[in-house]
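>>> Here's my sequence, what's the structure:
(one chain, ligands or ions: 1)
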Amino acid sequence: MTPAEIAPKDRLIVALDLPSVDAAEAMIAGLGDSVTFYKVGYRLAYAGGLPLVAKLADQGKKVFLDLKLHDIGNTVAQGVESITRLGATFLTVHAYPQTMKGAVEGRGSAKLKILAVTVLTSYNEDDLHAAGYRLGVSELVEARAQQAQVLGVDGLVSSPEEVGSLRKIVGHQMSLVTPGIRPAGSATGDQKRIMTPGRAISAGADYLVVGRPVVEAADPKAVAEAIQAEIAQALG
Ligand SMILES: O=c1ccn([C@@H]2O[C@H](COP(=O)(O)O)[C@@H](O)[C@H]2O)c(=O)[nH]1
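Below is the predicted model:
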């Protein structure tokens, strides 16, 4: 499927940043057929959530396993090889060359797609500087995207602010997945590089990751459906 063929509703990935499998399953049941793509990250994975990946895949849902792996290449390759058996669609690793190379090797010919996290959406220029980087956000995102492309990584995680320049670098060969999505009026929290769903899609994002604005809402299904409607409108 080309990125242009992805249905608007399938472009929303709801982050199941919830404290237990029971809480996640209740959220999934409440969202029903509205949401087709879920993200399992640290909170749920380390609360016994990994078996949920296969369960969701068996139910026809897609799962983005957001483990943001980073280790020596051999360890990453071995970890990814194990993860290929879980049934996830996407897996994140940090965008360091040894890490990305190991992940692509470990993935082998499996269907799992490797996404490289370029610069976390909670980071701005000052945060990068404090972490010892001399490049600014956009320069580092672009440099990492180029390395990821050369190494055979399947997609990139960035903020929507960088999507326009990333598309020029990687074309439509790589999926562009963007957290840092905030519907108008919702709390920013710790995110620093943010955009509304409609603007992120207009900028060229393939998938939008949304956590707290959906899972902490009084009516998560209504918020998810409103985001999907905004996506559809932006796609025209
Ligand atoms: O750069 C990144 C990479 C991953 N994330 C993850 O996305 C969700 C966003 O949740 P919100 O509640 O909508 O802020 C969360 O699970 C992060 O771990 C990211 O935000 N930025």
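>>> what's the longest strand in this protein?
strand 62-69 (DSSP state E).
>>> Centre of the chain to it, how far?
7 Å (C-alpha atoms, centre = their mean, to the nearest Å).
>>> Also stretch 142-156?
With C-alpha atoms, centre = their mean, you get 15 Å for stretch 142-156.
>>> next structured bit after the longest strand of the chain?
As assigned by DSSP states H and E, the chain's next helix or strand after strand 62-69 is helix 73-83.
>>> So which residues make contact with the helix or strand following that next one?
Under the assignment DSSP H and E, the closest C-terminal helix or strand after helix 73-83 is strand 90-94. Applying C-beta atoms under 8 Å, 6 or more residues apart in numbering, the contact partners of strand 90-94 are 62-70, 76, 80, 83, 99-100, 102-103, 107, 112-117, 155, 157, 175, 177. No exception for glycine: its C-beta is placed from N, CA and C like everyone else's.
>>> So the closest residue to the ligand within the chain versus D66, what's the distance?
Residue nearest to the ligand within the chain (C-beta to the nearest ligand atom): G211, separated by 2.7 Å. From G211 across to D66, the span is 10 Å (C-beta to C-beta, to the nearest Å).
>>> And for V53?
For V53, the distance to D66 - C-beta to C-beta - is 11 Å.
>>> L235 too?
24 Å.
>>> Mind checking which of these two has more residues around it?
D66 (25 against 14; other C-beta atoms under 10 Å).
>>> list the contacts for that one?
Counting by C-beta under 8 Å, 6+ apart, D66 has contacts 15, 39-42, 90, 92.
>>> How about it, nearest residue that isn't a chain neighbour?
Nearest residue to D66, sequence neighbours excluded (C-beta to C-beta, 6 or more residues apart in numbering): G41, at 4.1 Å.
>>> Give me the pLDDT value at the one you found.
Per-residue confidence at G41 stands at 98 (pLDDT).
>>> From what I see, it and I13 are in contact.
No. Using C-beta atoms under 8 Å, G41 makes no contact with I13, being 10.8 Å away.
>>> Just want to know which of these two has more residues nearby.
Taking other C-beta under 10 Å, G41 and I13 do not tie; I13 has more neighbours (26 against 21).
>>> who's the more buried one bridged to?
F37, V209 (DSSP bridges).
>>> one step back: just the ones of the contacts of D66 in strands?
Using DSSP E, those in strands are 15, 39-40, 90, 92.
>>> just checking: which of those residues also lie near the ligand?
Restricting the ones in strands among the contacts of D66 to those within reach of the ligand (C-beta under 6 Å from any ligand atom) leaves A15.
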